[in-house]
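A.B. asks: Give me coordinates for this.
(one chain, ligands or ions: 2)
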Amino acid sequence: MALPRVAQLLLEGQPGTTLTVAGWVRTRRDNPAFSFIELNDGSCLSNLQIVVDASVPGYAETIKLATTGASVRIEGELKACPAGAKQRVELHAKSLEVLGVADAKTYPLQKKGHSWEFLRGIAHLRPRTNTFGAMARVRNTVSYSIHRFFQERGFVYVHTPIITTSDCEGAGEMFQVTTLDLERLAKSTPASNAAPLVDYTQDFFGKKAHLTVSGQLEGETYATAVGPIYTFGPTFRAENSNTTRHLAEFWMIEPEMPFYELDDNMQLAEEFIKTIVRDVLRERAEDMAFFNDRIDKTILATLQNILDHDFKRVSYTEAVDILTTCGQKFEYPVEWGINLQAEHERYLTEKHFQQPIIVYNYPRTLKPFYMKCNDDGKTVRAMDVLVPGVGEIIGGSQREDELDTLLSRMQECHLNPDDYWWYVDLRRYGSVPHAGFGLGLERMILLLTGMQNIRDVIPYPRFPGSAEF
Ligand code: 4AD
Ligand code: MG
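C.D. replies: Ligands and ions are numbered 1, 2, ... in the order given. So this is what the prediction gives:
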């Protein structure tokens, strides 16, 4: 039977009701005649205070097992707390049952104040801490908000494949998927063999396959059939970047809209970010107050500032002008044509504009083959949304919809159009202007929570050298 949850009881539980709750002990304090248990069931940050009188059956043997981390089930009567207490109600136990003990000598969360790194090493237990409980609930609310945003606008949720034989971003940062016996292959290959080492026709799919870096290309095929679509799934990148902003496995949301041009795309991206921020502030007020209090004291003000202003739109060329004339010293020098580094992006959004900005029209040499070329011959209709504290949170573009231009761009990017024949077909049959973007879910959670490391906003982070759990 579903038990009442603590979140609901604290909000609307009626004094006088008898009910059963279950959860995990956060702390226990003993007095001669009774004990207080702070019970957390994960439904909210707050604990429910339980008063266990020494007259409760079995008190003497049971109470000492109810240590931090133990799971308990309690039947009792809800009573109003005295005026001035932290909470509206508390539960007066009639029975106490310890479902599972947690040995105080070994339970890793017996004490508070562990480092982030230590907690990463116990990723299976860290959701029982305040921070990671709050993170999980915020992630959930963001996910729901994202689906609601698109569903309310008539977008169709499309499930794009995880295993793919094309490289959407053309960056070659893909994890390979194979059923070939690598150990046997390694043994059978002569050291000085110049011939192709591996016969992929013998592999599971008959050709080389990878985990997807983006569902965009397949998303485009549905957007040019059923109208606006979005994807929401895991993506994988084998980039060896050991930063606080990169994961090897992350979740991406990719809307794709037929008949949208770059301006429409920017408009949607801004509305999208603002809607998520608004929903989380409204629906996760307690968790957000916690992040503001304990993680980053500016986070609520930053988020309000995001809601209160239009995202400033800045062309790449203007951005470079700002960076070269601002007098700031950067580790990577700036000139037209360079890839903007995190330090440049953060200077623009945090120092110069102090609000989210959308940088658009990047040099074509920096961007993937699928972005629409501008008439200037130098730039493509790309857009990156940059936000304070994080940097790039969204990357997107209008797509190249002309067959010949797409083919010549593929050539420029050293891609073989035969490998993308189905994608090219979209430009042969009923091609339309279209655009889309990708939001990195974990970067969005960084923005919302003020957490410093992307490894701490996903339940089980994957990064170079680490895939425990
Ligand atoms: O800018 P990216 O590479 O764009 C694409 O993949 C396009 N196909 C999206 C599209 O137009 N449909 O990635 C999009 C976003 C980035 O802005 C960033 O937020 C996130 O995905 N991202 C990562 N997040 C965590 N770890 C990584 N290694 C990431 N790489 C990209
Ligand atoms: Mg990008």
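A.B. asks: Please enumerate the helices of the stretch 101-250 of the chain.
C.D. replies: Using DSSP state H, counting those that start in this stretch, the helices of the stretch 101-250 of the chain run over residues 116-121, 130-152, 182-188, 216-226.
A.B. asks: Quick one: mean pLDDT over the first one.
C.D. replies: Model confidence over helix 116-121 averages 96 on the pLDDT scale.
A.B. asks: For it, give me every contacting residue.
C.D. replies: By CB atoms under 8 Å, 6 or more residues apart in numbering, the residues outside helix 116-121 that reach it are 126, 129, 132, 452-453, 455-456, 461, 468. From N, CA and C alone the C-beta is placed, and that goes for glycine too.
A.B. asks: follow-up on the earlier one: which of the helices of the stretch 101-250 of the chain is buried the deepest?
C.D. replies: helix 216-226 (a mean of 21; mean count of other CB atoms under 10 Å).
A.B. asks: Quick one: name the residues of this protein near ligand 1.
C.D. replies: By CB under 6 Å from any ligand atom, the residues of the chain that approach ligand 1 are 168-169, 214, 216, 237, 239, 246-247, 250, 252, 254, 392-397, 436-438, 440, 442-443.
A.B. asks: How far off centre is the lowest-mean-pLDDT helix or strand in the chain?
C.D. replies: Least confident element among the helices and strands of the chain, by mean pLDDT, DSSP states H and E: helix 182-188 (a mean of 79). Centroid separation for helix 182-188 versus its chain: 38 Å, with CA atoms, centre = their mean, to the nearest Å.
A.B. asks: Any idea which of the helices of the stretch 101-250 of the chain has the lowest pLDDT on average?
C.D. replies: Taking the mean pLDDT of those, helix 182-188 comes last: a mean of 79.
A.B. asks: Can I get it in PDB? Just the C-alpha atoms.
C.D. replies: Only the C-alpha atoms of helix 182-188 are listed here, as PDB (Å, rounded to 0.1, in the frame of the first residue of the first chain):
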ATOM      1  CA  LEU A 182      38.900  -7.500 -29.300                       C
ATOM      2  CA  GLU A 183      41.200  -9.700 -27.400                       C
ATOM      3  CA  ARG A 184      41.300 -12.300 -30.100                       C
ATOM      4  CA  LEU A 185      41.800  -9.600 -32.800                       C
ATOM      5  CA  ALA A 186      44.700  -8.200 -30.900                       C
ATOM      6  CA  LYS A 187      46.400 -11.500 -30.700                       C
ATOM      7  CA  SER A 188      45.800 -12.400 -34.300                       C
END
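A.B. asks: Other residues contacting that helix?
C.D. replies: With CB under 8 Å, 6+ apart as the criterion, helix 182-188 contacts 197-198.
A.B. asks: now do 10 Å
C.D. replies: Helix 182-188 has contacts (CB atoms under 10 Å, 6 or more residues apart in numbering) with 176, 178, 181, 197-199.
A.B. asks: Check stretch 59-68 too.
C.D. replies: Against stretch 59-68 from outside (CB under 10 Å, 6+ apart): 24-28, 30, 34-35, 37-39, 50, 52-54, 56, 72, 74, 93, 95-98, 100-105, 107, 109-112, 128.
A.B. asks: let's go with 7 Å and repeat that
C.D. replies: Stretch 59-68 has contacts (CB atoms under 7 Å, 6 or more residues apart in numbering) with 25-28, 35, 37, 52, 72, 96, 98, 101-102, 104, 107, 109-110.
A.B. asks: Walk me through the domains of the protein.
C.D. replies: Per automatic domain parsing, the structural domains of the chain span 6-100, 130-190+197-456.
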